[in-house]
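> give the three-dimensional model of this entry:
(one chain, ligands or ions: 2)
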Amino acid sequence: MIYTVTLNPSIDYLVEVESFQMGKVNRTSYDAKFPGGKGINVSRVLKRLGNSTTALGFIGGQTGEFVKRFLRQEEIFTDFTEIAGDTRINIKLKTGLETEINSQGPVISKGNYQQLFSQIEQLNNNDILILSGSIPPSVPSDVYEAMARSCTHNGIKVVVDTSGKELLNVLPHRPFLIKPNHHELGELFSTEISNIDDAREYGAKLVEAGAKNVIVSMAGQGAVLCSDGESYSANVPKGNVINSVGAGDSMVAGFIGTYERTGDILSAFRFSLAAGSATAFSSDLGTLDKIEELLPQIAINQLTGG
Ligand SMILES: Nc1ncnc2c1ncn2[C@@H]1O[C@H](COP(=O)(O)OP(=O)(O)OP(=O)(O)O)[C@@H](O)[C@H]1O
Ligand SMILES: O=P(O)(O)OC[C@@]1(O)O[C@H](CO)[C@@H](O)[C@@H]1O
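Numbering: from 1, shown residues only. Ligands and ions are numbered 1, 2, ... in the order given. This next block holds a predicted model:
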């Protein structure tokens, strides 16, 4: 079974405003609510690909009920830890530009944290654990490191999609996949990643530091996969970007879902690009039909130099 962990789920409130005026009353031309949080997005895309997942994490209040109901309607298994506070609401404002306002979210008690941690300790070695998204201020900042340590000891594949120190600290525990975008990769090394060669060079450093597979996503410029002495690039398909929320999560889902079905890293990489772009070209997460339509446009090239 694939388990996703979302420490800080959300309702994503998508608001479209034409001719937005700062400091004025604006009226929406479109609005919609979706369950959000990176792990939950990964679960939703994996379901569309035909992979079964259980979504774990902290959930509470009426907003949490909305998230659970929505996931139930999509027939996604959940085993959330119920908390006293309300699941947050994140605003995704589309005005021509995309502006996001992500709330801090509710306080997580020590008891809540221990409850989630003991669920993780019960996973077994056929399972895959996907740890995705920001860590709420009330949760120990080494939570991903601690979960990764516990799982890799038990032979469980761990995927981590986060940034900064939290990402660096999981590397010694040999995560199966990490997926920094090029900005996040640059921040790790205090440099700028502006092309495929830079992404290959610095992605390979993360493999040396312990990651088995590293996908560096570069938005419209494509992506690079580094794994065990080899690296590959892939292009993105052509299309109209209307929503980047969840595009990175869709890449993680596309990679893991395909890897679980085929065991083939390159097919997984190709599918991950198609899934990311299918979401970027849709108002919600990309559908399987959309992903399959985009797949033929994606070519993989082996890169020289590691
Ligand atoms: N201009 C574009 N054309 C086609 N696909 C795109 C474009 N921009 C983003 N994508 C798709 O979205 C994926 C993820 O983009 P990006 O590198 O910005 O990752 P991210 O920062 O993790 O995403 P997110 O916006 O979800 O945080 C890309 O690999 C690609 O598949
Ligand atoms: O605040 P975090 O946890 O960093 O990110 C949360 C979030 O922006 O990430 C998802 C898209 O990747 C959204 O569904 C959600 O609102």
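> look up how far Tyr144 lies from whichever residue of the stretch 1-150 of the chain sits closest to ligand 2.
Ranking the residues of the stretch 1-150 of the chain by distance to ligand 2 (CB to the nearest ligand atom) places Gly36 first, at 2.9 Å. C-betas here are computed from N, CA, C, even on glycine. The gap separating Gly36 from Tyr144 is 19 Å, by CB to CB, to the nearest Å.
> rewinding a little: burial count for the residue of the stretch 1-150 of the chain closest to ligand 2?
A total of 27 residues lie near Gly36 under the criterion other CB atoms under 10 Å.
> from now on call the first residue 45
Right, with 45 as the first residue, what we last looked at is Gly80.
> give me the beta-bridge partners of the closest residue to it other than its chain neighbours?
Distances taken as CB to CB, 6 or more residues apart in numbering put Asp56 closest to Gly80, at 3.5 Å, once the chain neighbours are dropped. Beta bridges link Asp56 to Phe78, Asn134, judged by DSSP bridges.
> what does the one 4 residues further on give?
Beta bridges link Glu60 to Tyr74, Lys138 when assigned by DSSP bridges.
> do you know how far it is from His217?
Glu60 is 41 Å from His217, where distance means CB to CB.
> more crowded one of these two?
In this comparison of Glu60 against His217, neighbours counted by other CB under 10 Å, the higher total goes to His217 at 20 against 17.
> report the contact partners of that one.
Contacts for His217 were tallied using CB atoms under 8 Å, 6 or more residues apart in numbering; they are 189, 192-193, 195-196, 202, 254.
> quick one: it and Gly104, what's the gap?
Summarising the geometry, the distance separating His217 from Gly104, computed by CB to CB, is 29 Å.
> quick one on the thing from earlier: any idea which of the contacts of His217 is the one closest to ligand 1?
Using CB to the nearest ligand atom, Val202 comes nearest to ligand 1 of the contacts of His217, at 18.1 Å.
> you'd agree the closest one is up against Ser194?
No - assessed by CB atoms under 8 Å, Val202 is found out of contact with Ser194, at 9.3 Å.
> which one's more surrounded, those two?
Looking at Val202 and Ser194 with other CB under 10 Å, you find the greater number of neighbours at Val202, namely 26 against 17.
> please enumerate the helices of this structure.
Assigned helices in the chain, in chain order: 82-93, 105-117, 154-165, 187-197, 208-214, 226-232, 240-252, 291-306, 309-324, 332-338 (criterion: DSSP state H).
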